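missing the sequence, but the structure's below:
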């Protein structure tokens, strides 16, 4: 008798296991495989730097455009392109909406720090070289922040 009971329980277990497999497996397949995790501390710091650079480039480009100097047109376009590149880098680590909100906030802060709307000397002194380096080798800068935040 015990062996027939054991066999019956074993058959029921296999049936239940098949039912679970047939129900749960298709549901799991419907779940998106790419679940984005929250950015790490290093990625957040890196993103803030990249967004500050995007803002600097955008402000500089806008100021040059208002000067209406044909010889500076290519410089303004290059700065605008650098701003776009910086934004796209930041969007690799944060949601597009978060990047846009942070960019707006940083732009307001940077504009408020200018002595007048056309004097970029202070911003250039702070961002020109560091942003150029960051955009040239963004992974190197991210690696720095990963090591620094360990």
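Received it, and whenever you're ready, just let me know what you need. Because the structure is a prediction, the values reported are computed rather than measured. Numbering: from 1, shown residues only.

Using the three-state scheme, assign the residue nearest in space to the middle of the chain.
Geometric centre of the chain, nearest residue: residue 93, 2.4 Å, by C-alpha atoms, centre = their mean. With DSSP: H, G, I helix; E, B strand; the rest coil as the basis, residue 93 sits in coil.

check which helix or strand covers the closest residue in space to it that isn't next to it in sequence.
Nearest residue to residue 93, sequence neighbours excluded (C-beta to C-beta, 6 or more residues apart in numbering): residue 43, at 4.4 Å. Bear in mind the C-beta positions are built from the backbone N, C-alpha and C, glycine included. Following DSSP states H and E, one finds residue 43 within helix 41-67.

any chance you could map the helices in the protein?
Assigned by DSSP state H, the chain shows helices spanning 2-30, 41-67, 73-90, 96-113, 121-136, 138-148.

and among these, the most buried is which?
Most buried of the helices of the chain, by mean neighbour count (mean count of other C-beta atoms under 10 Å): helix 41-67, with a mean of 21.

Give me the angle between that helix and helix 138-148.
Using axes from the mean of the first three to the mean of the last three C-alpha atoms, to 10 degrees, the inter-axis angle of helix 41-67 relative to helix 138-148 is 140 degrees.

ok, now which ones touch residue 84?
By C-beta atoms under 8 Å, 6 or more residues apart in numbering, residue 84 lies in contact with residue 54.

what about 10 Å?
By C-beta atoms under 10 Å, 6 or more residues apart in numbering, the contact set of residue 84 is 54, 57-58, 61.

could you measure residue 139 against residue 87, distance?
17 Å (C-beta to C-beta, to the nearest Å).

Of all the residues in stretch 114-123, which ones are buried?
Residues of stretch 114-123 classed as buried by neighbour count (16 or more other C-beta atoms under 10 Å): 120, 123.

would CSV of the helices of the chain with mean pLDDT be doable?
Output for those, formatted as CSV (pLDDT from 0 to 100):
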stretch, mean pLDDT
helix 2-30, 56
helix 41-67, 94
helix 73-90, 95
helix 96-113, 95
helix 121-136, 94
helix 138-148, 96
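
wait, what's in contact with the closest residue in space to residue 45 that isn't next to it in sequence?
Excluding its sequence neighbours, the residue lying closest to residue 45 (C-beta to C-beta, 6+ apart) is residue 145, at 5.0 Å. Contacts for residue 145 (C-beta under 10 Å, 6+ apart) come out as 40-49.
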